[in-house]
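Asker: sequence first, predicted coordinates after that:
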Amino acid sequence: MQTKTAFFKRQYSIKRRFIFYTLFCVVLIFTDARFNYLEMIRTGVSVVIHPLRAVALFPAKLFQDASELLATASDLKTENAKLKEANFKKNELLLVQKSLLVENENLRNLLGLRIKTETQQMFAEIVYEPKDPFSRHVVVDKGATHGVTLGTPAIDITGVLGQVVRVQPWTSTISLVTHRDHPVPVQIARNGLRAVVFGMGYDSSMEIRFLPLDADIREGDILATSGIGGVYPPNLPVGAVSQITRDDSFPFAKISVLPVSRIGHHKQVLLLSKVDDASPVLDIKGNDENTLDLGVIGDN
């Protein structure tokens, strides 16, 4: 006798299944709370799913770490820029103080002369340097809209860097003191002897021209700006005499100068207001003191 295949199997109703599973869950909860039988099972399940949890949380952790890294890098960059600017201004002030050693000692003792150079300062950054080896120029990110004018002197943390020779609305071109035939009026710190230093076209050396053979100048003498010419403020270090050659067959000595500014090492410079050629303001304070105060006002 053949058995008929049942095409449709009878299943429990949804209501019965719901009641069964509800009672089953209640029993499990009571058993776990009362006898703590499921702790071992829970521990085993936790060990099994731990790698899956780590994989699932990895993208979120990676995104969080990347966000924190970018935020930290941005904060460090901002703080570093502020510290550089503060240190740059501090070194510039120390530079001016040290340059007082190049004042004319005799005139200061006799007349009580104080030379006050009131210059405005502007912080700028080098954005471009031409690749022409015969052109010693750099381009900075300050221009006419920032108040830069032709002839504005530029210095770094060690000394004179050059002067502005071309001004655009948002950038300016600085001719370095080492540019060929770039003149800088200077004086020797030891004795106040005035001279003119010229660039030679490369950064490692400059030269003093047209100084007699018997001039009182020695190797190691420090040269600072004299203020003559109305371009550079006085008492800014320019260079040090590195070599002197005296040949009786020539009317002038050959004098090599090593620039003090670290040309090619810094991105930040200070632009100073150009010194006016107008007569200084005389301020005599009292007959007994006979103090002569020279104030030179710079351009904006």
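Answerer: Everything's here; your move. Residues are numbered from 1 along each chain as shown.

Asker: from residue 169, how far out is the closest residue to residue 170 other than its chain neighbours?
Answerer: Spatial nearest neighbour of residue 170, chain neighbours left out: residue 143 (4.5 Å); criterion: C-beta to C-beta, 6 or more residues apart in numbering. Where C-beta positions appear, they are placed from N, C-alpha and C, glycine not excepted. Here residue 143 is placed at a distance of 5 Å from residue 169 (C-beta to C-beta, to the nearest Å).

Asker: which one's more surrounded, these two?
Answerer: A side-by-side neighbour count of residue 143 and residue 169, using other C-beta atoms under 10 Å, places residue 143 first with 19 against 10.

Asker: you'd agree that one is up against residue 173?
Answerer: No - using C-beta atoms under 8 Å, residue 143 is not in contact with residue 173; the gap is 9.7 Å.

Asker: what touches both of those two?
Answerer: Residues within reach of residue 143 and of residue 173 at once, by C-beta atoms under 8 Å, 6 or more residues apart in numbering, are residue 167.

Asker: coming back round to it: and the gap between the residue nearest to residue 170 and residue 273?
Answerer: 15 Å.

Asker: need the pLDDT of the residue nearest the centre of the chain.
Answerer: Per C-alpha atoms, centre = their mean, the C-alpha nearest to the average position across the chain is that of residue 268, at 4.3 Å. Looking at residue 268, its pLDDT stands at 82.

Asker: tell me who's in contact with it.
Answerer: Contacts of residue 268 by C-beta under 8 Å, 6+ apart are 84, 85, 88, 123, 124, 125, 126, 156.

Asker: next, it: phi, psi?
Answerer: The phi/psi pair for residue 268 (degrees, to the nearest 10) reads phi -100, psi 140.

Asker: what's the burial count for residue 248?
Answerer: So residue 248, with other C-beta under 10 Å, has 6 neighbours.

Asker: any idea how the chain splits into domains?
Answerer: For the chain, the structural domains run 13-102, 103-297, going by automatic domain parsing.

Asker: span of stretch 126-133 from start to end?
Answerer: End-to-end span of stretch 126-133 (C-alpha to C-alpha, to the nearest Å): 17 Å.

Asker: and the longest helix along the chain, average pLDDT?
Answerer: In the chain, taking DSSP state H as the definition, the longest helix is helix 39-98. For helix 39-98, mean pLDDT is 73.

Asker: residue 261 reaches residue 160, doesn't it?
Answerer: Yes - at 6.0 Å, residue 261 counts as touching residue 160 under the criterion of C-beta under 8 Å.

Asker: please enumerate the shared neighbours of the two.
Answerer: Common contact partners of residue 261 and residue 160 (C-beta under 8 Å, 6+ apart): residue 177.

Asker: name the helices or strands packed onto the host helix or strand of residue 257?
Answerer: If you go by DSSP states H and E, residue 257 is part of strand 254-259. Packing partners of strand 254-259 (3 or more C-beta pairs under 8 Å, 6 or more residues apart in numbering; DSSP states H and E): strand 206-208, strand 237-245.

Asker: which of these is buried the deepest?
Answerer: strand 206-208 (a mean of 22; mean count of other C-beta atoms under 10 Å).

Asker: that one: how far from the chain's middle?
Answerer: 29 Å (C-alpha atoms, centre = their mean, to the nearest Å).
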